[in-house]
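Asker: Pasted the sequence and its predicted model underneath.
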Amino acid sequence: MNKKMRGYKVFNPDWKCYGMQYEVGRTYKHKGNLSLCESGFHFCEKLIDCFNYYQFNPNNKVAEIKAIGKIVNGDNKSVTDNISIIKEISWQNVLELVNLGKGNTGLGNPGDRNSGYWNSGNRNSGDWNSGDWNSGYWNSGNRNSGDRNSGNRNSGYWNSGDRNSGNRNSGYWNSGNRNSGDWNSGDRNSGNRNSGDWNSCRFATGFFNSKERTISIFNKDSGLSRDEFYQKFTIPSCLYFDLTEWIDSENMTDKEKENNPKYETTEGYLKTLTYKEASVKSISKATDEEKEQIRALPNYDPDIFEEIFGIRI
């Protein structure tokens, strides 16, 4: 539908989002299909909803936007084919806009149902958490389980990025330790413009590259740069899965209540799934179209896919 709508969008510190450069005061148009989670300019009507998808990280840029073209609305985000970047919002104003709660437990909490101290956001368990539904300490982002995580839906410790399982991962949807890149399984993988994404191996590295290289996909060179890959192929939504899920107190088992003694304060607890538990749960619900999108990926190998995600399609 065509209409005008104001909202918010979060960008990397260099004002880029998925490789595209943005600038305050400019308008951008998208050519092609408009689809939630796949193509177009995504934004949220409520600022707090942005942090379900982007890191609650003060190094990132936050802007007020106006959608002035076709708009497709989802549950808590929308996508448009014509977007104007109106103005930057300081992080002081961000905190004022997203922290609006009452009835906190602990000290210095500006959100709702926090357990601990100096929490910002909602339903945090632990100390110095920033974001929503965090369990642990010093977390920044949403639905993190563990300590010192930056990003969203991380399980483990010292992770930077989104939906990582393991320790000290940088990137997205990684399983293992010290991975850099996207959808890596194993330890010490390096992706993103060095050796690629969807790796299942150990010690795959790339250093000191002066220009963008082609990426490895399913353990083979794809002949594509990372940007070329995202321009030509669609990542189905079933590969974007959560490593944690919120369990309300009325749905908790006696054992879960015993292991989470603060559940009465938080009205539930954050359940952590293993990487393969989460991936199997998500991919098992994939549509036929999503399965075809996976099989169409460069160098698709069903054995490697099963090794990484724990399920065969």
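Answerer: Received, thanks.

Asker: Against the centre of the chain, work out the most remote residue.
Answerer: Distance from the centre of the chain peaks at residue 254, with 31.2 Å (C-alpha atoms, centre = their mean).

Asker: tally of neighbours for residue 80?
Answerer: By other C-beta atoms under 10 Å, 28 other residues sit near residue 80. (Glycine included, C-beta is placed from N, CA and C.)

Asker: Which strand residues bridge the one residue sitting closest to the centre of the chain?
Answerer: By C-alpha atoms, centre = their mean, the chain has its centre lying nearest to residue 162, at 3.9 Å. Legend: beta-bridge partners of residue 162 under DSSP bridges are residue 152, residue 172.

Asker: Worst mean pLDDT across the helices and strands of this structure, which element?
Answerer: strand 196-197 (a mean of 48; mean pLDDT, DSSP states H and E).

Asker: then stretch 11-23 to CSV, C-alphas only?
Answerer: Provided in CSV are the C-alpha atoms of stretch 11-23 (Å, rounded to 0.1, in the frame of the first residue of the first chain):
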residue,chain,number,x,y,z
PHE,A,11,22.8,1.6,11.2
ASN,A,12,26.4,0.5,11.7
PRO,A,13,28.8,3.2,13.0
ASP,A,14,29.7,4.1,9.4
TRP,A,15,26.1,4.7,8.5
LYS,A,16,26.0,1.4,6.5
CYS,A,17,23.3,-1.2,6.6
TYR,A,18,23.9,-4.6,4.8
GLY,A,19,26.6,-3.0,2.8
MET,A,20,24.6,0.1,1.6
GLN,A,21,25.8,3.6,2.6
TYR,A,22,23.2,6.0,4.0
GLU,A,23,23.4,9.7,4.8
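
Asker: Show me the contact partners of that stretch.
Answerer: For stretch 11-23, contacts defined as C-beta atoms under 8 Å, 6 or more residues apart in numbering pick out 9-10, 24, 28, 59-63, 85, 226-227, 230.

Asker: Kindly report the same for stretch 74-85.
Answerer: 5, 7, 9, 22-31, 34-36, 39-46, 49, 52-53, 63, 65-72.

Asker: What remains of the residues you listed if I keep only buried residues?
Answerer: 5, 7, 9, 22, 28, 30, 34, 40-44, 49, 52-53, 63, 65-69, 71 (16 or more other C-beta atoms under 10 Å).

Asker: Point out the ones among the residues you listed that are inside strands.
Answerer: Those of those mapping onto strands are 5, 7, 9, 28, 41, 42, 43, 63, 65, 66, 67, 71, per DSSP state E.

Asker: Please consider this matter closed, and thank you.
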